[in-house]
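Undergrad: sequence and predicted structure below; questions after.
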Amino acid sequence: MTARSVGLPTVTAAADLPASVQIWEVGARDGLQNEASIVDVATKLEFLDRLADAGLRILEATSFVHPRWVPQLADAEQVLAGLRRRQDVTYPVLVPNERGLDRALAAGVRHVAVFASATETFATRNLNRTLDEQFAMFEPVVGRARAEGLGVRGYVSMCFGDPWEGAVDPAAVVSVGRQLLDMGCSQLSLGDTIGVATPGQVETLLAGFTAAEVGPDRLAVHFHDTYGQALSNTLTALRCGVNTVDSSAGGLGGCPYAESATGNLATEDLVWMLDGLGIAHGVDLDALAATSAWMAERLGRPSPSRVVRALTG
């Protein structure tokens, strides 16, 4: 019996879950930026095209971070210039500062994201700013982007644990997120950057946002699977009303701050769970798994996604 002969999961819906989930695919940006080798432009473009063919409608394409810091994405302009854009697909990019925004605007980008930290140490190490100073850097970026009619997302990293500071106070995360929303971000993505969160922490943090009058409709979750908790944490977030989930095709990506980090939540693993729960998402699982297997071949290693291995092995 081949792995694929098991078919699709049996659907057993639950009353306390959203009817549909928006998948925010980050493989081409958050996934590939962690690769030791440089993936060529042609491969990146085919990857994005295949992901769109599989039904994904939000594809985070690249980042305008300085190439000295992220050499894997130094080709951002070339990728965007070669992209076969589709009217029903959104291609956000990450911009760290006003220079990054200038580059994004010149490339015709219509959706951007800024990347903030919930902790002092990570803000200093990752952004070369204090926790408070990061907002002074983001404010003109968000303001200008909104004035240009762009959609703006705010990422908050280290929402559950920090490798230098340990456990993170949910109130600190809510404070950072609230400031990003107040300056004009339309959505927050709450990141478990080192993959240490467990479902109780997720529920507590989301309750903190609710108490601060930030509803789950303005939130997304972004889990890494370092300790195998990404799916359970995602299910908890769905039960709390969140209906936007970040994931990476084939589980691409990783965290440089945690040993044995296994990358982002794999989009295929997410889709398998959503299918079993009867939650609509619009993705063709077979096409997506084939795409991730194709990319794994080009990276020279097996996909960490259990679903990809089960369907293509």
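TA: That came in fine, so what should we check first?
Undergrad: name the nearest residue to residue 22, sequence neighbours excluded.
TA: residue 244 (4.6 Å; CB to CB, 6 or more residues apart in numbering). Every residue, glycine included, has its C-beta placed from N, CA and C.
Undergrad: ok, the one you found touching residue 222?
TA: No. At 9.7 Å, residue 244 does not count as touching residue 222 under the criterion of CB atoms under 8 Å.
Undergrad: the two: who's more crowded?
TA: residue 222 (26 against 22; other CB atoms under 10 Å).
Undergrad: beta-bridge partners for the more buried one, please?
TA: Judged by DSSP bridges, the bridge partners of residue 222 are residue 191, residue 246.
Undergrad: isn't residue 21 right next to residue 280, touching?
TA: Yes. Assessed by CB under 8 Å, residue 21 is found in contact with residue 280 at 7.4 Å.
Undergrad: quick one, which of those two is more surrounded?
TA: Shown here are residue 21 and residue 280; by other CB under 10 Å, residue 21 has more neighbours (23 against 11).
Undergrad: which residues do residue 244 and residue 222 both contact?
TA: residue 189 (CB atoms under 8 Å, 6 or more residues apart in numbering).
Undergrad: where's residue 200, which helix or strand?
TA: Here residue 200, judged by DSSP states H and E, is contained in helix 199-211.
Undergrad: show me what that helix is in contact with.
TA: In contact with helix 199-211 (CB under 8 Å, 6+ apart) are residues 159-160, 170-171, 173-174, 177, 190, 215-216, 219, 221, 229, 232-233, 235-237, 240-242.
Undergrad: report the buried members of those.
TA: 159-160, 170, 173-174, 177, 190, 216, 219, 221, 229, 233, 235-237, 240, 242 (16 or more other CB atoms under 10 Å).
Undergrad: quick revisit: please name the residues that touch the residue nearest to residue 22.
TA: 21-22, 24, 187, 189, 219-221.
Undergrad: can you check residue 66 too?
TA: Per CB under 8 Å, 6+ apart, neighbours of residue 66: residue 96.
Undergrad: surely residue 14 meets residue 277?
TA: Yes. Residue 14 sits in contact with residue 277 when judged by CB under 8 Å, with a separation of 6.1 Å.
Undergrad: and these two? Which one has more around it.
TA: A direct count of neighbours by other CB under 10 Å for residue 14 and residue 277 places residue 277 higher, at 17 against 11.
Undergrad: doesn't residue 15 make contact with that one?
TA: No. Using CB under 8 Å, residue 277 is not in contact with residue 15; the gap is 10.9 Å.
Undergrad: pLDDT below threshold where in the chain?
TA: For the chain, the stretches flagged by pLDDT under 70 are 1-7, 254-262.
Undergrad: which stretches of it form strands?
TA: 22-25, 62-63, 93-94, 111-117, 151-157, 161-162, 166-167, 187-192, 219-223, 244-247 (DSSP state E).
Undergrad: what are the pairing partners of the third one, and which direction each?
TA: Meaning strand 93-94. strand 62-63 (parallel), strand 111-117 (parallel).
Undergrad: and this protein, what are its domain boundaries?
TA: 34-91, 110-242 (automatic domain parsing).
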